[in-house]
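*Asks:* here is the input, now give the coordinates:
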Amino acid sequence: MATEAKRQKVDNGSESLQNFLEWCDRVGLVLSSKVFVSKRGTMAAYGMLAKDNIEEGEVLFTIPRPALLHQETTKVSALLNKEKSCLESSSSWVPLLLALLYEYTSSQSHWGPYLSLWSDFRALDHPMFWSKEERDGLLKGTGVPGAVDTDLSNIQREYTDIVLPFILRHPDLWNPNTHTLDLYTQLVAFVMAYSFQEPQKEDEDDDEEEEE
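*Replies:* Next comes the predicted model:
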């Protein structure tokens, strides 16, 4: 019966997707029976599609806090917290991105089944992965080419001035030949596309009061 239930959550036989759904069960991530995961009809890689009518306000998935991946839950959280003063940046993303660099390339990562869904973050087709000629030609007049150029410049500076020196100080955990500027840039795009702000406890309390 458990196998049949899992089949209803997925649209194809992808091994990596099956592993992800099994991981969801292990960590307590709950998907509504009204949705399933598929590559069909999505813009990049996997997405969640409806297979039944969904009512307004209906919960489609629930993620337990321990399953969230960020600088406080990663295996290297103690080190990131200890050296947080040297990881400050204008973006404030450096600790999160260092956590992602570590977890994405670790064969023992708790989030391996999720991260393995992304063999190439360039599949996101973010304009920062386009050539400058493509950006300037296809997005002329939108303001996007200039914004992307600024982002790429900031990413390179952040990596060179903050991330790389930190990596070199901790060769047992990171490797500059693996954790490159290119991978760092891809993970920035990943964060832009898929990260979300975790609600704070006070926000949840306020929501509960409003609902009551």
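
*Asks:* this structure: helices as residue ranges?
*Replies:* Along the chain, counting by DSSP state H, helices occupy 2-7, 15-27, 77-82, 94-105, 112-115, 132-138, 144-158, 164-169, 181-194, 201-211.

*Asks:* in CSV: these, plus mean neighbour count.
*Replies:* C-beta: built from backbone N, CA, C; applies to glycine. Converted to CSV, the helices of the chain look like this (neighbours: other C-beta atoms under 10 Å):
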stretch, mean neighbour count
helix 2-7, 10
helix 15-27, 16
helix 77-82, 14
helix 94-105, 22
helix 112-115, 18
helix 132-138, 13
helix 144-158, 15
helix 164-169, 15
helix 181-194, 17
helix 201-211, 9
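
*Asks:* okay, those in a markdown table with mean pLDDT next?
*Replies:* Output for the helices of the chain, formatted as a markdown table (pLDDT from 0 to 100):
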| stretch | mean pLDDT |
| --- | --- |
| helix 2-7 | 36 |
| helix 15-27 | 93 |
| helix 77-82 | 98 |
| helix 94-105 | 98 |
| helix 112-115 | 94 |
| helix 132-138 | 93 |
| helix 144-158 | 95 |
| helix 164-169 | 98 |
| helix 181-194 | 92 |
| helix 201-211 | 47 |
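
*Asks:* of these, which is nearest His70?
*Replies:* helix 94-105 (5.8 Å; C-beta to C-beta).

*Asks:* circling back to that earlier point, using CSV, lay out the helices of the chain together with distance to Tyr46.
*Replies:* Shown next, in CSV, are these (distance: least, C-beta to C-beta, whole Å):
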stretch, distance to Tyr46
helix 2-7, 15
helix 15-27, 7
helix 77-82, 27
helix 94-105, 17
helix 112-115, 10
helix 132-138, 26
helix 144-158, 25
helix 164-169, 30
helix 181-194, 11
helix 201-211, 28
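
*Asks:* tell me the contacts of Lys75?
*Replies:* In this structure, Lys75 makes contact with Tyr102, Glu103, Ser106, Ser109, His110, judged by C-beta atoms under 8 Å, 6 or more residues apart in numbering.

*Asks:* for Ala67, find the nearest of the helices of the chain.
*Replies:* Closest of those to Ala67 is helix 15-27, at 4.3 Å (criterion: C-beta to C-beta).

*Asks:* list of residues touching the closest one?
*Replies:* Residues outside helix 15-27 that contact it (C-beta under 8 Å, 6+ apart) are 6, 9-10, 29-31, 37, 46, 64, 66-67, 113-114, 116-117.
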